[in-house]
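J.: quick check, what structure comes out for this input:
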Amino acid sequence: MRRDVALTCPPTVRRRGILAGLLRWSALSRQRRQLARLDEAALRDLGLSRSDVVREARRKPWDAPAHWRD
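T.: Got it, this is the predicted structure:
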């Protein structure tokens, strides 16, 4: 978001945007923790290896694919 545009938005709109972002980060962190708890059989069903899951679980909440952020 451009800074000049953000400054022209009412504070409530900016807060909603920030809150929505925090909620998305929280949800993504929770999903990654749940993924990390899956057993080997479930990972096999998903076509994932344990190393794939460990790598994904270590990512920061804001490190998400662009299509997840929309």
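J.: buried stuff in stretch 32-52?
T.: By 16 or more other CB atoms under 10 Å, the buried positions in stretch 32-52 come out as 32, 35. The C-beta positions use only the backbone N, C-alpha and C, and glycine is treated the same way.
J.: low-confidence stretches in this structure?
T.: Residue ranges of the chain with pLDDT under 70: 1-14, 68-70.
J.: longest helix of it?
T.: Ranked by residue count and defined by DSSP state H, the top helix of the chain is helix 11-36.
J.: other SSEs contacting that one?
T.: Contact analysis of helix 11-36 by 3 or more CB pairs under 8 Å, 6 or more residues apart in numbering; DSSP states H and E lists helix 50-57, helix 66-69 as its packing neighbours.
J.: what helix or strand does the closest residue to residue 29 other than its chain neighbours sit in?
T.: Of all residues not flanking residue 29 in the chain, residue 61 sits nearest, at 4.8 Å (CB to CB, 6 or more residues apart in numbering). Under the criterion DSSP states H and E, no helix or strand holds residue 61.
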